[in-house]
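Peer 1: Model the structure of this input:
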Amino acid sequence: MSEKVNFWDGVETTNGKKLSEKEKLQFCENFNQMLRTSPELAKIFFNTQVYHEIVNDVTTRGLHSEGVAIVAENLAMQKAILDGKSEIEVKVSGLLARALGYMHDLGHTPFGHDGEGALGKEMERFSATPEYKQNRVKMFGKEYTDNAGDTKAETMCYEHNETSAMIGAKLLEKFAEDNGYRLSEQAIQYIKTGILAHSTSRVKEEPDGIEQKAVRLADKIAYIPQDFLDLLKQDVLTIDDLSPEEQALLGLNEEQFTEKENQMYESLTLPEDRAQYREKRKQHKQELKYKLRTIHQMPEKIKMNLFRQLDVKIAEMQAEIARRCFITEEGEIKLDGRKERIDFFEKAVNKGEIPKNHEITVEEMQGIALFKKMRDAQKLPMENQERKMKVNDTARAYSEFLKEKYEIDPMLVTLWVTKAKYQDAFIKGELLRISQDQDGKQKQETLDDMNRKIDKAWEIKTVFQFFYSNIEQMPQEFRDRYQKGTHPLCTPQEAVAEFIASFTNKGIEELYAGLLERKLVVSRKEAIQQLQEKRPDLDVKRIANEDKKWQNPQNPEEVYKVLANDVLEFLYEENVGNTIVRGKNQIPERRIPQIQHVIAIRDDINATRKIERQPVALTSLIELSKRQLNARDIQCMVENIREKQNSQQIQQHIEKLKSDEGR
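Peer 2: Residues are numbered from 1 along each chain as shown. Model prediction:
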């Protein structure tokens, strides 16, 4: 991002006066307070980060956003201090970064990135019209849309950072209106850019603003330790699986002090006091590790208290990582500068990405070879007795190489190698959770198994298709979004996507259950069963659970992943003669395009048997009349679920926050 604009250049009072330093501080303090207790932020405390079920205090999007807010605030303040700013200016920069941290994930869907991916796949069915592209430029700015590839995009998309930017801009404008401020387009764009740029998959270049940089970096710092701790909470790892360096990443290494602990240690003058303090800290960490080993024997209340203590440790370590690894001696906040070597090796091995005309050095060849050895060790079967030893040995060799050859900070090395070694391996199904089923037999689960990912994706698919096909049954506020409001959308698809993103995990599950109960959508289980009856020649269960690859015959380099749910949807509708949602494709302007690659997959599946294609059954006139009669019932169901979500989850969370702050 090349915008060279300061947020405060675009903020003034209704009288047209620029804000003084004290007024800027008051603006930030009040805006953060409003965000902290807003329904928009409260909602994502009930949307998960990695796991779809909120058990054992796993990280939610809200908890992650709090971590990002705190780390971003610390980074921005450190930078302002190094730049010689006044005490108030330091606080203002920190609080503005904190606000961006709170807002950066407000657009996340239920079921984390899995839900976002499923929603994105439904959006990708539709062509990106010139009007759609032009409206995106208005909403997000030309620089972002150009860098995100909008000019070449052929289809619509759903990206959580974009919805987050829209929600954040709306909250900022409402705050300004209620408190007597005027904002320029530049000021609003500064906030949007700060939120948009946190997504490094969409924005490759660093933004210019200090607070924007701080949030982009804080997002990366915050999630790795939190997700790492979740692996312990979810029984994927035990504390004894971890090396001393990895335990330090969680604040559980008895021999290593955090900055906070060092400050306390240094404040003690007597040698005996220092020795006593060191021994107490050591004992405390040993006790935490002992409790982690015996976690299954604990009452629920004690277990949750332990998790809270560990969450505090993680917050301390996030600040420690930021302080040690990302503030240079020159006072620059750097993300890619310190880890670009690690990124290079990872991309070269995992994605085969080496920049064109790049002459690989001897050191780079070594780094690629070492990282590949670690990845190969991770891919060994879990039953392999030497797997754990090989993973640890190769990870250690790769870590030492990064520290010696590239002089990367040891803590930063541990952070990124640990991510590849455990978190990435678990997401890719190379690390499994070993547990016992109800009969006492050993059971192996991948992350997708634990999350029931394919079932949740079907829920998102059918809810999206139902409300797009029956948009009059969606709440009026969302129908208005693509025609009215401060940030109008230009398509109903975007309005439906935002509607789905407004739900918590539990809320979307209840909405889907309500549609199932009224027989308005077909469940995945029912689709498999009915398709199997129509096509006994097919192994439908296998087809419905395996993603396929389609290679373009004209261009072998073009390989597309075709999701199992999309294949199931196509085969069901073609063979059973019904649609997966009621009302689908009945209104010409609401037609849902077919995924073209699925047709090629269908042809491969049918190659052994020629079948007559059956027309998709249209809903009868009787059913149409029923649909009209049931419209109010469906609207009431939606309103009740949203009201329940707001009153039983979100509002209670806000009241608890206010109560805690009151104490």
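
Peer 1: and Ala631, that's in a helix?
Peer 2: Yes: Ala631: assigned to a helix according to DSSP: H, G, I helix; E, B strand; the rest coil.

Peer 1: For the nearest residue in space to it that is not next to it in sequence, the count of nearby residues, please.
Peer 2: Closest residue to Ala631 apart from its sequence neighbours, by Cβ to Cβ, 6 or more residues apart in numbering: Gln473 at 5.5 Å. No exception for glycine: its C-beta is placed from N, CA and C like everyone else's. Neighbours of Gln473 under the rule other Cβ atoms under 10 Å: 20.

Peer 1: what does the one 10 residues further on give?
Peer 2: The tally of other residues near Gln483 (other Cβ under 10 Å) stands at 11.

Peer 1: Quick one: residues contacting it.
Peer 2: With contact set as Cβ atoms under 8 Å, 6 or more residues apart in numbering, Gln483 has no partners.

Peer 1: Check the gap between it and Gln476 for me.
Peer 2: Distance, Gln483 to Gln476, using Cβ to Cβ, to the nearest Å: 11 Å.

Peer 1: which parts of the one helix or strand Leu41 maps to are buried?
Peer 2: Using DSSP states H and E, Leu41 falls within helix 39-43. Neighbour-count burial for helix 39-43 flags 40-43 (criterion: 16 or more other Cβ atoms under 10 Å).

Peer 1: and what of stretch 181-197?
Peer 2: Here stretch 181-197 shows 181, 183, 187-197 as buried, counting by 16+ other Cβ under 10 Å.

Peer 1: residues in contact with it?
Peer 2: 1, 3, 5-14, 16, 27, 100, 103-104, 140-141, 144, 161-162, 164-166, 168-169, 172-173, 175-176, 202-203, 206-207, 209, 211-212, 215-216.

Peer 1: So which of the residues you listed belong to helices?
Peer 2: 27, 100, 103, 140, 144, 161-162, 164-166, 168-169, 172-173, 175-176, 211-212, 215-216 (DSSP state H).

Peer 1: can you list the domain ranges for the protein.
Peer 2: Using automatic domain parsing, the domain ranges for the chain come out as 7-209, 237-325, 333-431, 451-608.

Peer 1: Pick the most deeply packed of these.
Peer 2: Compared across these, domain 7-209 shows the largest average neighbour count, a mean of 20 (mean count of other Cβ atoms under 10 Å).

Peer 1: After the helix ranked longest in the chain, which helix or strand is next?
Peer 2: If you go by DSSP H, the chain has its longest helix at helix 300-325. Per DSSP H and E, the first helix or strand lying C-terminal to helix 300-325 is helix 336-346.

Peer 1: Arg36 touches Leu657, doesn't it?
Peer 2: Yes: contact criterion Cβ atoms under 8 Å: Arg36 and Leu657 qualify, at 6.5 Å.

Peer 1: Which pair of the buried residues of stretch 181-197 spans the longest distance?
Peer 2: Tyr181 and Ala197 (23.7 Å; Cβ to Cβ).

Peer 1: dump the residue contacts of the residue nearest to Val598 when sequence neighbours are not counted.
Peer 2: For Val598, ignoring the flanking residues on the chain, the nearest one in space by Cβ to Cβ, 6+ apart is Phe570 at 4.5 Å. Contacts for Phe570 (Cβ under 8 Å, 6+ apart) come out as 594-595, 598-599, 601-602.

Peer 1: Equivalent analysis for Val215, please.
Peer 2: Applying Cβ under 8 Å, 6+ apart, we find Val215 in contact with 68, 72, 97, 100-101, 104, 194-195, 197-198.

Peer 1: From these, which land in helices?
Peer 2: 68, 72, 97, 100-101, 194-195.

Peer 1: and of these, the nearest to Lys301?
Peer 2: Val68 (28.8 Å).

Peer 1: wait, Lys443 sits on Ser435?
Peer 2: Yes: judged on Cβ under 8 Å, Lys443 makes contact with Ser435 at a distance of 5.3 Å.

Peer 1: The closest residue in space to Ala153 that isn't next to it in sequence and Ile321, how far apart?
Peer 2: Spatial nearest neighbour of Ala153, excluding adjacent residues (Cβ to Cβ, 6+ apart): Ala128 at 4.8 Å. Distance, Ala128 to Ile321, by Cβ to Cβ: 39 Å.

Peer 1: Quick check: which ranges of this structure have low pLDDT?
Peer 2: The chain contains residues with pLDDT under 70 at 1-5, 326-338, 485-487, 607-630, 662-663.

Peer 1: all strands of it, in order?
Peer 2: 11-13, 181-183, 433-436, 442-445, 548-551, 559-562 (DSSP state E).

Peer 1: and these as TSV, adding distance to Val312?
Peer 2: As requested, the strands of the chain are exported to TSV (distance: least, Cβ to Cβ, whole Å):
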stretch	distance to Val312
strand 11-13	35
strand 181-183	36
strand 433-436	25
strand 442-445	29
strand 548-551	45
strand 559-562	40
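
Peer 1: To Asp150, which of those strands lies closest?
Peer 2: strand 559-562 (20.6 Å).

Peer 1: Contacts for that closest one next, please.
Peer 2: Strand 559-562 is contacted from outside by 547-552, 595, 597-598, 601, using Cβ under 8 Å, 6+ apart.

Peer 1: List just the nearest of those residues to Leu511.
Peer 2: Relative to Leu511, the closest of the contacts of strand 559-562 is Ile595; by Cβ to Cβ it sits at 24.1 Å.

Peer 1: For the closest one, which non-adjacent residue is closest in space?
Peer 2: Spatial nearest neighbour of Ile595, chain neighbours left out: Asp566 (5.3 Å); criterion: Cβ to Cβ, 6+ apart.

Peer 1: shouldn't the one you found be in contact with Glu122?
Peer 2: No: applying Cβ under 8 Å, one finds Asp566 not in contact with Glu122, separated by 9.6 Å.

Peer 1: circling back: figure out which of the domains of the chain is closest to Ala222.
Peer 2: domain 7-209 (3.8 Å).

Peer 1: I'd like the distance from the closest one to the chain centre, please.
Peer 2: 14 Å (Cα atoms, centre = their mean, to the nearest Å).

Peer 1: can you tell me the distance between the two ends of it?
Peer 2: Chord length of domain 7-209, first to last residue, is 9 Å (Cα to Cα, to the nearest Å).

Peer 1: Give me the nearest residue to Asp455, chain neighbours excluded.
Peer 2: Closest to Asp455 by Cβ to Cβ, 6+ apart is Arg524, at 5.9 Å.

Peer 1: residues touching that neighbour, list them.
Peer 2: Arg524 is in contact with 454-455, 458, 544, 565, 568, counting by Cβ under 8 Å, 6+ apart.

Peer 1: before we move on, the earlier item: check contacts around the residue nearest to Ala153.
Peer 2: When contacts are counted by Cβ under 8 Å, 6+ apart, Ala128 touches 150, 153-156.

Peer 1: Likewise for Asp633?
Peer 2: Arg518.

Peer 1: rerun at 10 Å
Peer 2: Counting by Cβ atoms under 10 Å, 6 or more residues apart in numbering, Asp633 makes contact with 473, 514, 518.

Peer 1: For the first one, give its distance to Cys636.
Peer 2: If I follow you right, that is Gln473. The gap separating Gln473 from Cys636 is 10 Å, by Cβ to Cβ.

Peer 1: Show me what the longest helix of the chain is packed against.
Peer 2: Packing partners of helix 300-325 (3 or more Cβ pairs under 10 Å, 6 or more residues apart in numbering; DSSP states H and E): helix 61-82, helix 210-233, helix 244-249, helix 259-267, helix 271-293, helix 410-418.

Peer 1: Distance to Glu359 added to these, as TSV?
Peer 2: Converted to TSV, the helices and strands packed on helix 300-325 look like this (distance: least, Cβ to Cβ, whole Å):
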stretch	distance to Glu359
helix 61-82	35
helix 210-233	29
helix 244-249	33
helix 259-267	40
helix 271-293	47
helix 410-418	25
